[in-house]
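Colleague: Here is my input; please provide its structure:
(chains A and B)
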Amino acid sequence: KQQVRSYKYSPLTFLPLNLYEQFQRAANFFFLLIVVMQVCGSVSCSNLTAQTHFMCTTVCLCVCVCVCRGAVFVVCVSVCVVTVCMRVCVCADLLLLCSTEPHSLCFIETFRKQIIKLLPLLFPPTLSLSLPLLVSISCSFFSSAGVVWCEEPNGQLYSFQGKLHWKGQCHLLDSEHMLLRGTILRNTDTAYGLAIYTGSDTKILRNCGRLKVKKTQVERFLNKIVLSLLMVALLLAVGSGLFEHLISPRIEVLSGISANFPAAYRGFLTFWGYIILLSPAMPMSLYITFELIHIVHCLLIGWDLEMYWGKRNSPAQARATSLNEELGQVGHLLSDKTGTLTQNHLLFRQCCVAGHIYGIWNRFSCGGLLFSDQRLTNCLRERRCPESREFFTALALCHTVMSEWKDGLPRYQAASPDEEALVSAARELGWVFLSRTRDSLTLSELGFTHCYRLLALLDFTSKRRRMSVLVRNPEGELKLYCKGADIVILERLRKDSPHQESTEQALEVFAQRCLRTLCVAGRSVSEAQWTEWSHALSQAAMATTYRETLLEELYEHMEKDLMMLGVTAIEDRLQEGVPETICSLRRAGVKVWVLTGDKTETAVNVGYACKLMDPDTCLLQGEELRIRLHFSMCLQTELIKTPEAGARFVSLSNQCQSVLCCRVTPGQKAEVVQLVRKYSSSITMAIGDGANDVNMIKTAHIGVGLCGVEGSQAVQNADFALAQFSFLRRLLLVHGRWSYRRICSFLHYFLYKTTSFALVHIWYSLYNGFSAQPMYESWFIALYTIMYTSLPVKCLGFFEQDMSSESSLRWPEVYLAGQRHELLNPLSLGVALLYSIYTSIILFFLPMGVFQDSDLDYQTLAITVQTSAVFSVTVEIILQTKFWTKYNFAAVAFCLALYFLSTVILHSPRLFLAFPKDYIFFGTCVISLIDTEKA
Amino acid sequence: KYKLDNRKSNVDMFNLTGPSRTNRPDNTAFTQQRLPAWQPILSAGIVIPGFTLIGLAFIGVGVALFVTSQKITDLEIDYTGVAATSPCFKCTSFAAENCMCQMEFTLTTLFEGPVFFYYGLTSYYQNFRTYGVSKDGYQLSGDTYYFNNPQDSCAPYQYDSNNNPIVPCGSIANSMFSDTFQLYQVVNGMKKQVPLDGKGIAWWTDYNIKYSNPALVNGSFANAFSGTVKPVNWSKPVYELDPTDQANNGFLNQNFLVWMRQAALPKFQKLYGRIAEGDYAQGLPAGNYTLLINYSYPVISFGGTKKVVLSNVSWMGGKNQFLGIAYLVIGSLCIVMAMVMLIIYAKYKFTDDDEDM
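Modeller: Alright, predicted model coming up:
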């Protein structure tokens, strides 16, 4: 039997694989060593990184959900026909065979959260098919020996090429026939599919790439500390070897103990002893507490009411748990424009038909269709102007919108908000798009219902930047309607197309008003042309190689000699608080870059509107940039690939107030981020809302996704999810800054307390013959980091505030400290280490001075040193804490009380009598702390 | 990144079926990070007086400690016998057995009592780790099972060459200090013994709880140890440590208990006895004294020294100038820092917020 594995680990491989991943961190290996050596292992605690762990559980969860929800979820392994029912996550990449819907259509929710329809290959004749019958149909499919040819498994989510040989016919397969794993079946009861890729071959798993174990600055530093501890232990071991070799042979009482072994071997044993003694300097609890503080910071981000957007019921969301401190160090913010700075709630504002601009710019109107121009209405009513009729027909036909009828009114579901705005605008003006079938579109034109036969749909891609429909109108004429970006359409117009000049003027006017423009054009197609073209199209569709290019050429052939019908202008208003946010981020020293696919003029105007640029800023554009860089490059079209130009570009842009990149494609966005990452040392943050920003979000150090109109793909790939751009201000200036400060103080203090505690052993070794004699009671070593000193530092990491949130927002300049790494850098950590060495010297040598040449015993010395260690680190945390909530007070008091209480308990005779070996210190605390008579 | 996709879609699936719930965060002081808090600011007005006060307090304590320590008298007599002129030189050769030597000293004033009598060793690593664990706690608590089966921690002082179990086993017991002392005052050419009280010099917990002797067997204490041998270096078995006092034998012998408590540092003293009885309750009067030493413990081989210390104590313990000096130094440092800060403050007139320690 065939088994499909779609999780990362199996019970058998979990341990070796996971261990391999974990031990890529030096510290984890170190801890394993410690745990193995400390046979009792009283503090051992598993330290799975959250990331890999989550991965394993969530993938399993997905499978479980499929099983328990899908009542008819059957994986028929022998035939590989998979039944999927409504609202269930598809579990493998399937070739859709049939479904229970009319025409066997199948609706799925893609990764982008859009509902799209798929075309199955088999068409069951009626609706009321019983399930067994369906299964038998699907099985008959295989009984007649069909063969599916498909490409090698790959990670391209939106393309699939394959062929199906069945009953002597060859069907071409593309992504429209595929039900991908991870998509969700909607509006469809049951669908049947043939499993093509399963398990780790599925496109989504191929696409997710390898999890990179990201090493932060902090981790690298901690690894260094682990290494230096090993070095110190090695030195002490050498000391031990020398002592055993030179001194101990003369001391009969010592040499007698281990006379059988050579000095080098005893030194080797001592090495491990010192590793155990020095290991508390880098305790596991550091990592655990570090993670815990990160998680609490993430929760606090999610809990912030001021980052909660009531309209969409979405709080801020921290999806990655390890990036909080980097939020306080962001130097470059790279932002998408549409949907990020703007609302992406599109309103049809103006249009230009036959050289006339219609529509009133009304800055204060809101909601609904804000377009009313009596002239246009009159013009349409009186059927004076054929171009305007044609224009709106084009708007009502040339789209991929689906209509749903609710309460007697059509509701449109569109892949992009632009389309929805345009179709809705046409509806308001009398051209109502009613419904769509596979090969027809029904419109109501000023009350008269017409049916257009859809002959071909030349779809939209970000490369083509236009879409066209070829229809046969009720009169029987063939018409091509094309809609697309202005430059693309303008260059495909007929030579003598009228109104060209006035249209271009209108485009300019719209751009200045920050409106998004689309050109609509059309042409008549002769029957002969159509026959020839459709023949070529079906030929091209059969081609297995270069199909895309062939189709491209054919489309190009059809979309020419167009007649300009008009220009639409859609307003995309800025989100609330965008100018203020950008302004204060700029004051905080964050370089804001806006990357947009829009035209330069539109982008510049938006830049002014959102205070990205001041009115008196001098703009450096194309040519000037070229001169400045002494290099031939054009920012608008191609990116700087050579390293010198890249470095020069980034250093130039660092002197600029802000950078605006226009006409960039999604891939280029990511390249810009890469460029900034490469040539500047600052932390980059990318923010975007749509699928086209995913690359950028993944490339930047920190990716922020806005839960916008364009689905949630950006959010799913982001480290933080926000509902509004303006929340970014709070996220960076308040949460980021606090997190940075808290984590810095936490790390400094934690290293201080552990190293000053552990390094005492080095000084003591000078006085005990390098014998790895512990300075403290073993219980104290075990409990020191996890009980006696853990709570106050956690409170510091959770609650510390050097400034209130209001002040942080009012003076964004304080954010600069993070960008300059003022709080956490090798120097500051080095100073902290020196300070802890100093403390350890004091901790040991002061009591030593007192105990030297006295009759006080070892246990009393141990109690003295450990009590002073607890006191000095507590005093240090008291000095470090600047924000004393009730929890901080409680934590400090509790830990001190706990120390005394547990010391008294651990030294009690009862425990000693029960376990004489484990509680050898009994009585010491009473005698050394209370009974001074003998001392 | 993939994990997020899946998690999200699962969440969505639940949301679709379940009743729509609000995601509005709770408005509490904790979640909104508006907990009431005390924010101390270390301004010049606090730090400078604070430092001054701490400095003064430390100086006060330091002076008290120093003065007290000065009042304590102590007398150290090194009897290692390295130098050929030393009376104990004759005992340093290996051939010497049961060697006795005498050290003489003179007190010009009254040595106030109660006087403590210590012996001290240097370069003696009693805090060596493997040395410190070389004992059997069960045996020392009087468990006779372990008399015949000493624990492995005692090795190589677990069994003797004839495979007889050693009691008390282990390196610490084996290396017990074996010199004995007698102190005489020379009065008119006559030696008058100064009584050394060796009772109550061990820790109370050691004497009463940690260590205990085995029960008598057939009414005899020695029988309880039958089948075992004394440690290699010992001259007498453990039940005959103190021939004068039957109760001061076995594991509860005071000197044994004192020795078993590990010293903190390689240079240490251990209490041998107290002089607080009879004529010497008020202390040692001025005069000539003779210290008679039964010299048997070898230290020369590892470069160590042996000494006897006579000392009286105060409320702060034995003579220790270090602690007082440390307090004084730190106290004066605080004062100096306070002065420096005051000068800087006066010169630059920082606002309160900028003055930070």
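Colleague: ok, and what's touching the host helix or strand of residue A:488?
Modeller: Residue A:488 is part of helix A:486-490 when elements are defined by DSSP states H and E. Applying CB atoms under 8 Å, 6 or more residues apart in numbering or on different chains, the set of residues contacting helix A:486-490 from outside is A:464-466, A:482-483, A:500, A:504, A:507, A:517-521, A:562, A:564, A:567, A:599. C-beta coordinates here come from the backbone N, C-alpha and C atoms, glycine included.
Colleague: Buried residues in that helix, which are they?
Modeller: Applying a neighbour-count criterion of 16 or more other CB atoms under 10 Å in any protein chain shown, one finds A:486, A:489, A:490 buried in helix A:486-490.
Colleague: and the following helix or strand past it, what does it pack onto?
Modeller: Remark: after helix A:486-490, the chain's next helix or strand is helix A:500-512, criterion DSSP H and E. Counting contacts by 3 or more CB pairs under 8 Å, 6 or more residues apart in numbering or on different chains; DSSP states H and E, the secondary-structure elements packed against helix A:500-512 are strand A:342-353, strand A:356-358, helix A:486-490, strand A:515-525, strand A:563-574, helix A:600-609.
Colleague: and the angle for helix A:500-512 with helix A:600-609?
Modeller: Here helix A:500-512 runs at 20 degrees with respect to helix A:600-609, directions being taken by axes from the mean of the first three to the mean of the last three CA atoms, to 10 degrees.
Colleague: Let me see the residues that make contact with helix A:500-512.
Modeller: For helix A:500-512, the external contacting residues (CB under 8 Å, 6+ apart) are A:350, A:352, A:355-357, A:486, A:490, A:493, A:517, A:519, A:564, A:566-567, A:569, A:599, A:601-602, A:605.
Colleague: Can you point out the buried residues in that helix?
Modeller: Across helix A:500-512, burial judged by 16+ other CB under 10 Å covers A:502, A:503, A:506, A:507, A:509, A:510, A:511.
Colleague: give me every residue that touches residue A:11.
Modeller: With contacts taken as CB under 8 Å, 6+ apart, residue A:11 has no neighbouring residues.
Colleague: Please report the distance of it from chain B.
Modeller: From residue A:11 over to chain B the distance is 20 Å, taken as CB to the nearest CB, to the nearest Å.
Colleague: burial of residue B:89, as a residue count?
Modeller: By the other CB atoms under 10 Å in any protein chain shown criterion, the neighbourhood of residue B:89 contains 14 residues.
Colleague: Which secondary structure state does it sit in?
Modeller: For residue B:89, the reduced secondary structure class is helix; criterion used: DSSP: H, G, I helix; E, B strand; the rest coil.
Colleague: now do the one 5 residues further on
Modeller: Local secondary structure at residue B:94 is given as coil here, using three-state DSSP.
Colleague: circling back: so which of the buried residues of helix A:486-490 is the closest to chain B?
Modeller: Within those, proximity to chain B (CB to the nearest CB) peaks at residue A:486, which comes in at 35.5 Å.
Colleague: check contacts around the residue in the stretch 301-450 of chain A positioned nearest to chain B.
Modeller: In the stretch 301-450 of chain A, the residue found nearest to chain B is residue A:303; the distance is 3.8 Å by CB to the nearest CB. Contacts here follow CB under 8 Å, 6+ apart; on that basis residue A:303 touches A:315, B:25, B:26, B:31, B:32.
Colleague: now these as TSV including pLDDT and neighbour count?
Modeller: Converted to TSV, the contacts of residue A:303 look like this (pLDDT from 0 to 100; neighbours: other CB atoms under 10 Å in any protein chain shown):
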residue	pLDDT	neighbour count
A:315	89	22
B:25	89	19
B:26	87	9
B:31	91	15
B:32	91	16
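Colleague: any idea of the mean pLDDT for the helix or strand hosting residue A:97?
Modeller: Element membership of residue A:97 [criterion: DSSP H and E] is strand A:93-99. Over the span of strand A:93-99, the pLDDT mean works out to 73.
Colleague: ok, and does it reach over to chain B?
Modeller: No: when contact is scored as CB under 8 Å from any CB of the partner chain, no part of strand A:93-99 falls within range of chain B; the minimum is 14.8 Å.
Colleague: Neighbouring strands - and their directions - for that strand?
Modeller: Strands flanking strand A:93-99 in the sheet, each with its direction: strand A:178-179 (antiparallel), strand A:190-197 (antiparallel) (DSSP bridges).
Colleague: so which of those is the most packed in?
Modeller: Compared across these, strand A:178-179 shows the largest average neighbour count, a mean of 28 (mean count of other CB atoms under 10 Å in any protein chain shown).
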